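A.B. asks: Okay, predicted coordinates and the sequence, questions at the end:
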Amino acid sequence: MARLNILEFPDPRLRTVAEPVEEVNDEIRQLCADMLETMYEAPGIGLAATQVNVHKRLLVCDVSEDGSDPLIFINPEIQGSSEDLSSYDEGCLSVPGFFEEVERPSKVVVKALDEKGGAFEMQLEGLLATCVQHEIDHLEGKLFVDYISPMKRRRIRSKLEKQHKKRA
Ligand code: NI
């Protein structure tokens, strides 16, 4: 297993729209395992392949408190969303240190493939619903900061750019 490097906003590669996974093979399973390891070490509750610069449609998440419930969604598709919305203080491993309220449908039905290539459908609610919608956004090149005001987004962008310059 390997820890992967996580791209950070405003890296333009985070804006890439991911391609469907054509075959769930050992390479994909290894990627899922590496992404889970990277997510747990960060620590975070979700990670999309886009964030580790692999532009394939897959994501991992675990919203349990003790990291005991890893979930893998390959080629995830939202089949339906509730009209009622929930709002969470969202964060993102690609936008480290910043949290902002984002409103999303509180329940969604998601169709995806598991790590064996089997299709499944799952009804999600609460934090898991928010997390999976946030990760699916990544596969479309979208970030949670796209939902907040341009002023707040610019402030986050310039703070992160300063940190990146210091690191370079
Ligand atoms: Ni994120």
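C.D. replies: Structure received. Numbers count the residues shown, from 1 in each chain.
A.B. asks: going forward, measure contacts between C-alpha atoms and count neighbours the same way
C.D. replies: Will do.
A.B. asks: What residues of whichever strand or helix holds Q163 count as buried?
C.D. replies: Taking DSSP states H and E as the criterion, Q163 maps to helix 150-167. When neighbours are counted by 16 or more other Cα atoms under 10 Å, the buried residues of helix 150-167 are found to be I156, R157, L160, E161.
A.B. asks: Stretch 106-126 too?
C.D. replies: For stretch 106-126, the buried set under the neighbour-count rule, 16+ other Cα under 10 Å, comprises S106, K107, V108, V109, V110, K111, A112, L113, D114, E115, L124, E125.
A.B. asks: what about it, average pLDDT?
C.D. replies: Along stretch 106-126, the predicted local confidence has a mean pLDDT of 98.
A.B. asks: Can you list the neighbours in contact with that stretch?
C.D. replies: The contact list for stretch 106-126, computed with Cα atoms under 8 Å, 6 or more residues apart in numbering, reads 23-25, 28-29, 32, 72-86, 129-130.
A.B. asks: if we go to 6 Å?
C.D. replies: By Cα atoms under 6 Å, 6 or more residues apart in numbering, the residues outside stretch 106-126 that reach it are 24, 73-82, 84-86, 129.
A.B. asks: Name all residues that make contact with the residue most central in space within the chain.
C.D. replies: Note on the chain: the residue nearest the mean C-alpha position is E135, at 2.7 Å, using Cα atoms, centre = their mean. Taking Cα under 6 Å, 6+ apart as the contact definition, E135 lies against A48.
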